[in-house]
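> fold the following, please.
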Amino acid sequence: MAPINVIDWIGLVGPYIVFFGMLIVYYVWEGKRERRLRKRYTEERHGE
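Down below sits the predicted model:
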């Protein structure tokens, strides 16, 4: 069996790295959005 070369390795592992990177970005983005919405909600509720 021939050893796996760099291009094969990138083709095999690259999509997983891209997927998990996008997943991390999504969770960070949504976390910031949720904190902003929660802050706005509490300000509106307690501002009455």
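> CA atoms for contacts and neighbours, from now on please.
Fine.
> tell me where the protein has strands.
Taking DSSP state E to define them, one finds no strands in the chain.
> shaky segments in it?
The model of the chain has pLDDT under 70 over residues 1-2, 47-48.
> show me the helices in it, by range?
Using DSSP state H, the helices of the chain run over residues 6-46.
> tell me how far V18 lies from I24.
To I24, V18 is 10 Å away according to CA to CA, to the nearest Å.
> same check on H46?
Counting by CA to CA, the gap from H46 to I24 is 33 Å.
> higher neighbour count, these two?
Per other CA atoms under 10 Å, whichever of H46 and I24 has more neighbours is I24, with 12 against 7.
> got a list of what the more buried one touches?
With CA atoms under 8 Å, 6 or more residues apart in numbering as the criterion, no residue contacts I24.
> now Y41: how far from R35?
Per CA to CA, Y41 is found 10 Å from R35.
> run the chain-centre distance for stretch 40-48.
Remark: stretch 40-48 is offset 29 Å from the chain centroid, using CA atoms, centre = their mean, to the nearest Å.
> do stretch 10-17 as well
17 Å.
> what does stretch 15-25 give?
On the basis of CA atoms, centre = their mean, stretch 15-25 sits 7 Å off its chain's mean C-alpha point.
> what of stretch 6-14?
Chain-centre distance of stretch 6-14: 22 Å, with CA atoms, centre = their mean.
> cool, and stretch 33-48?
That offset, for stretch 33-48, works out to 24 Å (CA atoms, centre = their mean).
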